[in-house]
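Colleague: what's the 3D shape of this:
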Amino acid sequence: MVKTYDDMDYKTALKSRFDKDIRVEAVILDDPADAAGNPTIQANLSHAVDICAAVKACPTNVPAFVASSATGDSAAAAQQFVQALAQHK
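Modeller: Below is the predicted model of the structure:
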C-alpha cells in the first residue's frame with residue numbers, strides 16, 4: 001500500500017517524528033533540502049534515487065529511498081517500488 005503521510009505538517013514530521021513515531025518503508029521527499037535537520041534522513045539520502053530523472057519534463061531532484069529501519073518483505077517490496085519509480089519512462 002502506498003499512502004501519503006498527512007497526519008501532521010510535512011516539515012514537522014521530517015524533523016522531529018521520522019523514525020520515532022512515523023515508521024515507513026519508502027520515503028519520497030519534495031526536495032533534497034528537506035533532509036536538513038534530521039541525521040537519519042540525511043544518512044538515508046546516500047542511497048536515494050532521483051525519481052524525477054525518469055521523467056523528462058520534471059524540473060527538480062526528487063529523492064526517494066527505502067528507510068534504513070525497513071526490514072524483511074516490506075523492505076524488499078519498498079525497494080521494488082522505488083526502483084520502478086526511478087526507471088525511465
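Colleague: and the least confident helix or strand in the chain by mean pLDDT, how far from the chain's centre?
Modeller: Within the chain, judged by mean pLDDT, DSSP states H and E, the helix or strand with the poorest mean is helix 10-12; its value is a mean of 82. When distances are taken as C-alpha atoms, centre = their mean, to the nearest Å, helix 10-12 is centred 14 Å away from the chain's centroid.
Colleague: Repeat that for stretch 52-61.
Modeller: The chain centroid and the centroid of stretch 52-61 are separated by 16 Å, computed with C-alpha atoms, centre = their mean.
Colleague: could I have it exported to CSV, CA atoms only?
Modeller: This file holds the C-alpha atoms of stretch 52-61, laid out as CSV (Å, rounded to 0.1, in the frame of the first residue of the first chain):
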residue,chain,number,x,y,z
CYS,A,52,12.5,12.9,-11.3
ALA,A,53,15.3,11.8,-13.6
ALA,A,54,12.9,9.2,-15.0
VAL,A,55,10.5,11.9,-16.2
LYS,A,56,12.0,14.1,-18.9
ALA,A,57,9.8,17.2,-18.1
CYS,A,58,10.5,17.0,-14.3
PRO,A,59,12.0,20.3,-13.2
THR,A,60,13.7,19.2,-9.9
ASN,A,61,15.5,16.4,-8.0
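Colleague: That'll do, ta.
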